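*Asks:* Here's a sequence, model it:
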Amino acid sequence: MARTYLLLTILGIVLPYGALLPWVLEHGLNMTLLIKSITTNSISLMAWLDVIVAAVALLVFISVDGKQHQVKHRYLAVIGTFSVGVSCGLPLYLYLRTRTLYKKNNNNWG
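*Replies:* As a prediction, this is how the structure comes out:
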């Protein structure tokens, strides 16, 4: 399962940035235009609000679950969530959590 989470982490970085990069190349880092584009219609706004709520829930989960299971390097998933989004942060945290639990149960990691 750990390899699946790593693959999903990579996809969670490549796919969103693959969609963002052409926009940035065309418009630059114009934050005003980005916010305007996000709020252009109710469907776009709904999707962004959904992502924001999911990101907050993920950050709370990483904080609570990470302390409970003593997941090392969980801060990387927080960085991934802030710099890319839930598509990176969630599978990365699940990878780190799986690795931690595996090491605790088997005392050897791949």
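*Asks:* use CA for all of it now, contacts and neighbours both
*Replies:* Noted.
*Asks:* pLDDT-wise, which helix or strand of this structure ranks last?
*Replies:* helix 31-38 (a mean of 89; mean pLDDT, DSSP states H and E).
*Asks:* ok, residue 51 to residue 24 distance?
*Replies:* Distance of residue 51 to residue 24, computed by Cα to Cα, to the nearest Å: 20 Å.
*Asks:* Contacts only, for residue 86.
*Replies:* By Cα atoms under 8 Å, 6 or more residues apart in numbering, residue 86 lies in contact with 12, 51, 54-55, 58, 80.
*Asks:* what do you get if the cut-off is 6 Å, keeping everything else the same?
*Replies:* Residue 86 sits next to residue 55 when contact means Cα atoms under 6 Å, 6 or more residues apart in numbering.
*Asks:* Check the gap between it and residue 25 for me.
*Replies:* 23 Å.
*Asks:* which residues sit in contact with the most centrally placed residue in the chain?
*Replies:* In the chain, the C-alpha nearest the mean C-alpha coordinate belongs to residue 89, at 2.5 Å (Cα atoms, centre = their mean). Taking Cα under 6 Å, 6+ apart, we find residue 89 in contact with 77, 80-81.
*Asks:* switch to 10 Å and redo it
*Replies:* Residues counted as contacts of residue 89 (Cα atoms under 10 Å, 6 or more residues apart in numbering) are 9, 12-13, 55, 58-59, 62, 74-83, 95.
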